[in-house]
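*Asks:* Please find the sequence and the predicted model below.
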Amino acid sequence: AQKITQTQPGMFVQEKEAVTLDCTYDTSDQSYGLFWYKQPSSGEMIFLIYQGSYDEQNATEGRYSLNFQKARKSANLVISASQLGDSAMYFCAMREVSGYSTLTFGKGTMLLVSP
Amino acid sequence: DTGVSQNPRHKITKRGQNVTFRCDPISEHNRLYWYRQTLGQGPEFLTYFQNEAQLEKSRLLSDRFSAERPKGSFSTLEIQRTEQGDSAMYLCASSFDRTPFEQYFGPGTRLTVT
C-alpha cells in the first residue's frame, strides 16, 4: 500500500487565489513528520513546510500552511494568494521514526497558476 | 555556502557503460542521502550516510549501484553496466544531526541511458 497518496495529478488556480493540495498518509508509527516540497522545472527540491505528528498547531510558513488532520491521516498544503512563481510540482513526504530520517514521497501534484 | 551541489547536471551514456555522480553536501551537514526520481514519480530513497558510514540501503539499490562517502564530506554514486531502466534524475540531499528532518536537496543529475 502506498504510504503517501496525492490524488490530484494537476491543479489550476488563478493568481491571488488560494489553493489546497491534498495529501493522505499511512503509517503505524506514533512519531512521524510530514513535509511538503516544491520542485520547479529546474529540478531542485525546495523545502516548504514541516509538521510533526505531536505538533498541536498547524504549521505555517509565510503563504504556506499545512492543514493537519491526524485522525483522517491527512496533511493538505494550503497556498494563499497564489503567485505565478508558484507553478511547479508539489510533493508531500513523510519521515517515519524507524527510517533513519529518510523520506517517502508521494507522486506529486502539478500546480499551474494563471494570470 | 551555496547549498548542495551535484555534478554533472546531465549525463548521457550508452547501455553497458559505467557512470559516476558526485554530491557535495552543505559543509556542516553530516547526513547525506541519495534518491532516484523517474518521470512522473516522487523521489525514491536509495541510500543514507551518517558521516562516512553507509547506514541504510534501499532494495532499489541493486548490486550494480555503489555509493561512497570516504571522508564524510562529498559522496559518489556509481552505476556499473548501465541499463535503460537506470534513466532517471538522481538527487542528493543533506541534513544536520540536530535537524535531521530538514533535508536540503541538490539540483540533481539527470541520467539518460541510450
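*Replies:* Yep, that arrived. Fair warning: this is a prediction, and the values are worked out from it, not measured in the lab.
*Asks:* Residue A:21 is in contact with residue A:8, correct?
*Replies:* Yes - with contact defined as CB atoms under 8 Å, residue A:8 counts as touching residue A:21 (6.5 Å). Bear in mind the C-beta positions are built from the backbone N, C-alpha and C, glycine included.
*Asks:* Give me the common contacts of the two.
*Replies:* residue A:109 (CB atoms under 8 Å, 6 or more residues apart in numbering or on different chains).
*Asks:* Please say which of those two ends up with more neighbours.
*Replies:* residue A:21 (23 against 16; other CB atoms under 10 Å in any protein chain shown).
*Asks:* Tell me what the residue nearest to that one when sequence neighbours are not counted is bridged to.
*Replies:* Nearest non-adjacent residue to residue A:21, counting by CB to CB, 6 or more residues apart in numbering or on different chains: residue A:77, 4.5 Å away. Beta bridges link residue A:77 to residue A:21, residue A:66 when assigned by DSSP bridges.
*Asks:* got a list of what residue A:77 touches?
*Replies:* Contacts of residue A:77 (CB under 8 Å, 6+ apart): A:20, A:21, A:23, A:36, A:48, A:49, A:64, A:65, A:66, A:67, A:90, A:92.
*Asks:* Let me know the pLDDT of it.
*Replies:* If you check residue A:77, the pLDDT there is 98.
*Asks:* I'd like the distance from the helix or strand hosting residue B:112 to the chain centre, please.
*Replies:* Assigned by DSSP states H and E, residue B:112 falls within strand B:109-113. Strand B:109-113 sits 12 Å away from the centroid of its parent chain (CA atoms, centre = their mean, to the nearest Å).
*Asks:* ok, and does it reach over to chain A?
*Replies:* Yes - residues of strand B:109-113 contacting chain A under CB under 8 Å from any CB of the partner chain: residue B:110.
*Asks:* Give the pairing partners of that strand; include direction for each.
*Replies:* strand B:10-13 (parallel), strand B:88-96 (antiparallel).
*Asks:* Toward the C-terminus from the shortest one, list the very next helix or strand.
*Replies:* When you say that, I think you mean strand B:10-13. Assignment by DSSP H and E places the next element after strand B:10-13 at strand B:19-24.
*Asks:* Neighbouring strands of that next one in the sheet, and parallel or not?
*Replies:* By DSSP bridges, strand B:19-24 pairs with strand B:5-7 (antiparallel), strand B:75-79 (antiparallel).
*Asks:* right, so those strands: which one is the most enclosed?
*Replies:* Greatest average neighbour count among the strands paired with strand B:19-24 goes to strand B:75-79 (a mean of 20), per mean count of other CB atoms under 10 Å in any protein chain shown.
*Asks:* can I get the CA coordinates of it in CSV?
*Replies:* The C-alpha trace of strand B:75-79 is given here as CSV (Å, rounded to 0.1, in the frame of the first residue of the first chain):
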residue,chain,number,x,y,z
SER,B,75,29.8,11.4,-1.8
THR,B,76,29.9,9.5,-5.1
LEU,B,77,27.2,7.2,-6.6
GLU,B,78,28.5,4.8,-9.3
ILE,B,79,26.3,2.7,-11.6
